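Trainee: coordinates only, no sequence provided:
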């Protein structure tokens, strides 16, 4: 089994979910007492979040480049960045190491195409919904990506940082997301990408009018696939 290297902490709420999902899937594949070989470097989210909102992406990239190098030095066979938003600096992280970087958009696009889904709605932070680093990679693999309108994007973003990242799960916020999902369905979305690794803590399949592409679960699945293919 290969060793999975996780860059976590952004937020630790979703990093814990990655760890659970990866180990659960390894147990399902290999037997009840089996677990994954995992290294996690969990960063302090505070400086990263401050850099995000100040537009200092180079500063954030330096933190994550260092984390990736530490994982490789520790024996990791791949790097899994446990956050959608920070894939904005994925090329920097990938260039910092010589082990494979498993991109969250690739796992997501593969699942969408396997399901026959070509038009998707994207929920995530404002950075993810408004910038092209994730959307363009999805589009390059044949997907049409729809995003909420400006007011909806602001509220989706607010709920992520003010609630989900600190463990607050609110029915009122779930209803906000459900309304946004319904609006995306009206625009033609066939499925919804949960494009922030915390959203799965709020929205489960029974809460959505459309099928969900949970990037956390899909990324974890890809990591296990890599670990077990050796």
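Mentor: Received it, and whenever you're ready, just let me know what you need. None of the values given here were measured: they were computed from a predicted structure.
Trainee: when you work out contacts or count neighbours from here on, use the C-alpha atoms and nothing else.
Mentor: Noted.
Trainee: quick one, domains of this structure?
Mentor: Under the assignment automatic domain parsing, the domains of the chain span 4-103+218-228, 104-214.
Trainee: the ones you listed into TSV, with extra columns for mean neighbour count?
Mentor: Formatted as TSV, the domains of the chain follow (neighbours: other CA atoms under 10 Å):
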stretch	mean neighbour count
domain 4-103+218-228	19
domain 104-214	18
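Trainee: which residues does stretch 222-230 contact?
Mentor: 1-4, 22, 25-26, 36, 80, 102, 107 (CA atoms under 8 Å, 6 or more residues apart in numbering).
Trainee: strands along the chain, start to end?
Mentor: Remark: strands assigned in the chain by DSSP state E are 4-8, 38-42, 78-81, 119-123, 144-146, 191-194, 212-214.
Trainee: returning to that earlier point: in a markdown table: the contacts of stretch 222-230, plus pLDDT and distance to residue 183.
Mentor: Listed next are the contacts of stretch 222-230 as a markdown table, based on pLDDT from 0 to 100; distance: CA to CA, whole Å:
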| residue | pLDDT | distance to residue 183 |
| --- | --- | --- |
| 1 | 97 | 43 |
| 2 | 98 | 42 |
| 3 | 99 | 41 |
| 4 | 99 | 38 |
| 22 | 99 | 33 |
| 25 | 98 | 33 |
| 26 | 98 | 37 |
| 36 | 98 | 39 |
| 80 | 99 | 32 |
| 102 | 99 | 31 |
| 107 | 97 | 25 |
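Trainee: between those residues, which is nearest residue 95?
Mentor: Using CA to CA, residue 102 is the member of the contacts of stretch 222-230 that sits closest to residue 95, with 12.7 Å.
Trainee: so that closest one touches residue 78, yeah?
Mentor: Yes - shown here, residue 102 and residue 78 form a contact pair, counting by CA atoms under 8 Å, at 7.1 Å.
Trainee: show me where this protein dips below the pLDDT cut-off.
Mentor: Within the chain, the ranges that satisfy pLDDT under 70 run 230.
Trainee: ranges for the helices of this protein?
Mentor: Secondary structure of the chain, counting by DSSP state H: helices at 12-30, 45-54, 57-74, 90-96, 104-114, 126-130, 132-140, 150-162, 171-187, 215-228.
Trainee: so can I have a markdown table of the contacts of stretch 222-230 showing distance to residue 132?
Mentor: Listed next are the contacts of stretch 222-230 as a markdown table, based on distance: CA to CA, whole Å:
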| residue | distance to residue 132 |
| --- | --- |
| 1 | 35 |
| 2 | 32 |
| 3 | 31 |
| 4 | 27 |
| 22 | 28 |
| 25 | 31 |
| 26 | 33 |
| 36 | 33 |
| 80 | 20 |
| 102 | 18 |
| 107 | 17 |
